[in-house]
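Novice: Okay, here's the prediction I keep looking at, along with the sequence it came from:
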Amino acid sequence: MPGNSFGELFRITTWGESHGGAVGVVIDGCPPRLKLSEALIQRDLDRRKPGQNELTTERAESDAVQILSGVFQGKTLGTPISLLVWNEDARSEDYLGFSRMFRPGHADYTYEQKYGVRNWQGGGRASARETVGRVAAGAIAKLILQKEKISILAYTKSVGRIEAAVNPATVTREAIDKNLVRCPVQAKAREMEKLITTIKAKGDSIGGIVECVIRGCPVGLGEPVFDKLSADLAKACLSIPATKGFEIGDGFASTRLYGSNHNDPFQATRGKITTKTNHAGGILGGISSGQDIILRIAFKPTSTIGLRQQTVTTAGKNTMIEARGRHDPCVLPRAVPVVEAMVAITLSDHLLRYKAQCL
Ligand SMILES: Cc1cc2nc3c(=O)[nH]c(=O)nc-3n(C[C@H](O)[C@H](O)[C@H](O)COP(=O)(O)O)c2cc1C
């Protein structure tokens with residue numbers, strides 16, 4: 001019921017609130033003898049951390065990770081790995097005015113109605129600060145995948161109506177990290193940056209789409225019925241705050257195709273079976289087909305905006321709200337590493353499940 005854990009054999013449990021003492025994660029089921037250091041996890045956390053540049057929230061967190069358990073002399077022990085990141089720059093006074101009203105687009109109303117109590121400081125557990133634990137765990141999941149030569153790249157595909165034409169088969173990490181929005185098409189990235197800056201100056205916010213490609217995934221990951229790889233990837237991605245949609249392969253666009261042009265013809269070349277096209281996005285019957293897996297995740301415009309909005313107090317009175325505090329005008333640049341992490345966690349879990357069953 002509590003829903004703070006994800007995965008079966010590679011299982012993560014995140015903990016902590018936005019303005020509490022710290023945030024973190026416990027990872028259970030990680031294989032032993034993997035080379036692991038804080039520096040390796042930090043690389044991914046630095047891509048997620050706030051205050052990176054003018055397109056992200058000004059909250060200044062070093063997000064320095066500490067390994068508390070599960071690692072000895074630079075190697076995983078096979079025991080639970082506990083990771084911790086202290087909260088350093090929480091300014092709870094920014095949220096005092098919101099303790100007795102519901103911020104539109106936020107979890108304030110639903111938490112209060114459900115639990116009758118909520119940590120109103122920085123959004124508490126609903127805050128994207130919770131994703132620190134996911135990204136830290138994702139760095140470890142990627143180590144497991146690397147052993148099998150499975151790689152994951154996520155990037156910003158669109159911001160508002162500005163969309164980049166990206167070839168998922170050839171996109172590189174270098175091109176993605178060359179700009180602040182993490183869009184691999186540099187000219188489009190500049191347009192996106194300009195749009196976010198303009199929207200921010202107006203006190204407003206904007207959303208977009210993150211695309212993710214998984215290369216080198218073998219045939220066979222995913223279970224046939226409830227734990228389809230597609231279903232678990234959807235759950236993993238839709239559990240990220242601010243997500244509103246999920247697609248695999250042609251996704252919703254496949255509804256406009258005929259079977260004759262949507263089916264991916266099989267072909268055998270020197271004993272290796274592939275498909276000529278990849279409308280399915282690398283998953284058939286919930287099981288990876290060996291083709292690239294391609295996902296898209298829709299992120300809404302950031303809920304906190306600097307404009308006056310109508311709302312209601314906790315006592316049920318109509319009122320107006322004007323946000324203060326530090327916020328991402330667009331969550332996309334920081335959501336990219338979170339998507340990569342959740343995809344890595346899902347795949348490493350299914351890889352271990354595959355190995356446990358298919359000898
Ligand atoms: C990386 C990332 C950063 C975010 N930063 C902010 C932010 O600065 N301000 C904000 O209002 N929401 C931000 N969000 C989204 C909120 O956490 C989220 O919209 C809110 O908790 C309500 O949940 P829901 O949108 O999933 O329904 C961020 C989300 C992500 C993934």
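Specialist: Now that the structure is in, tell me what you want to look at. The model shown is predicted, which means the values in this text are computed figures rather than measured ones.

Novice: what about residue 13, how many residues close to it?
Specialist: 18 (other CB atoms under 10 Å). No exception for glycine: its C-beta is placed from N, CA and C like everyone else's.

Novice: tell me which element it is part of?
Specialist: strand 11-16 (DSSP states H and E).

Novice: how about the residues of this structure near the ligand?
Specialist: Applying CB under 6 Å from any ligand atom, we find that the chain lies next to the ligand at 57, 106-107, 123, 126-128, 131, 240-242, 302-304, 327-328, 331, 334-335, 338.

Novice: which ones among these are found in helices?
Specialist: The members of the residues of the chain next to the ligand that map onto helices under DSSP state H are 131, 334-335, 338.

Novice: Using JSON lines, please lay out those together with pLDDT, neighbour count and distance to residue 289.
Specialist: JSON lines is the format used below for these (pLDDT from 0 to 100; neighbours: other CB atoms under 10 Å; distance: CB to CB, whole Å):
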{"residue": "131", "pLDDT": "97", "neighbour count": "23", "distance to residue 289": "29"}
{"residue": "334", "pLDDT": "97", "neighbour count": "21", "distance to residue 289": "31"}
{"residue": "335", "pLDDT": "98", "neighbour count": "27", "distance to residue 289": "27"}
{"residue": "338", "pLDDT": "98", "neighbour count": "29", "distance to residue 289": "26"}
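
Novice: Run through the bridge partners of the residue nearest to residue 264 when sequence neighbours are not counted.
Specialist: Closest residue to residue 264 apart from its sequence neighbours, by CB to CB, 6 or more residues apart in numbering: residue 275 at 3.7 Å. Beta-bridge pairing for residue 275 (DSSP bridges): residue 266.

Novice: Surely residue 275 and residue 283 touch.
Specialist: No - when contacts are counted by CB atoms under 8 Å, residue 275 is not listed as touching residue 283 (11.7 Å).

Novice: So which of those two has more stuff around it?
Specialist: residue 283 (24 against 17).

Novice: now the residue with the largest distance to the centre of the chain: how far from the ligand?
Specialist: The C-alpha centroid of the chain is most remote from residue 270, which lies 37.9 Å away (CA atoms, centre = their mean). Distance, residue 270 to the ligand, by CB to the nearest ligand atom, to the nearest Å: 43 Å.

Novice: Over to residue 38?
Specialist: 22 Å.

Novice: Give me the number of neighbouring residues for that residue.
Specialist: 14.

Novice: mind listing what it touches?
Specialist: 64-67 (CB atoms under 8 Å, 6 or more residues apart in numbering).

Novice: When you filter those down to buried only, what's left?
Specialist: Using 16 or more other CB atoms under 10 Å as the burial test, the contacts of residue 38 include 65, 67 as buried.

Novice: now, the most widely separated pair of the contacts of residue 38?
Specialist: Between any two of the contacts of residue 38, the greatest separation by CB to CB is 11.2 Å, found for 64 and 67.

Novice: just the strands in the stretch 51-200 of the chain please.
Specialist: 65-69, 71-72, 75-76, 81-86, 151-159, 162-163 (DSSP state E, counting those that start in this stretch).
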